[in-house]
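Visitor: for reference, the sequence and a predicted model appear below.
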Amino acid sequence: MKNIITVAVAGLLTVPGLALAEGTAPALPLPVSAFVEPDVYYAIDAEQINAEVKMNVSAFNAYLEVIPTFSVDDLELTSSTAELGYNLEVNVATVTPYVKTELDKDFNSDDTIVGIKAHFGF
């Protein structure tokens, strides 16, 4: 399981960069979008520097989001979160049913959440 996730993360981080390095943006035949959002922060009470890398891939209003958290001080993976959801457009609102699981550093499930998010635009 760890090897599959490592290969997937490496692919997400390197393939788009290689395509852009050659001067051409990758052409996707499907309405697929993806983004990577890094975040580095200092936890005051734990006195520890952490880094999160949010990776999101979406298509046809469905999305998969993976957020591994790393300890910069210890140079190790501390936890991960994976979320799968679907965005439903209703007038000025977006309703998103989702499933979210939180994994420890050994990829054992700590908690699984089933929920509904709502976003209202004005």
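Guide: Yep, that arrived.

Visitor: any stretches of the chain with poor pLDDT?
Guide: In the predicted model, the chain carries pLDDT under 70 at residues 1-29.

Visitor: try it again with 80
Guide: Scanning the chain for pLDDT under 80 picks out 1-30, 110.

Visitor: the strands in the chain, which residues?
Guide: Secondary structure of the chain (DSSP state E): strands located at 32-43, 48-59, 62-71, 76-86, 88-90, 93-104, 109-120.

Visitor: ok now the fifth one, how far from the chain's centre?
Guide: Taking Cα atoms, centre = their mean, to the nearest Å, one finds strand 88-90 lying 22 Å from the centre of the chain it belongs to.

Visitor: show me the contact partners of it.
Guide: Residues outside strand 88-90 that contact it (Cβ atoms under 8 Å, 6 or more residues apart in numbering) are 61, 94-97. Every C-beta, even on glycine, is put in place using the N, C-alpha and C of the backbone.

Visitor: how about 6 Å then?
Guide: Defining contact as Cβ atoms under 6 Å, 6 or more residues apart in numbering, one finds that strand 88-90 is touched by Val95.

Visitor: Val92 reaches Phe122, doesn't it?
Guide: No: using Cβ atoms under 6 Å, Val92 makes no contact with Phe122, being 7.1 Å away.
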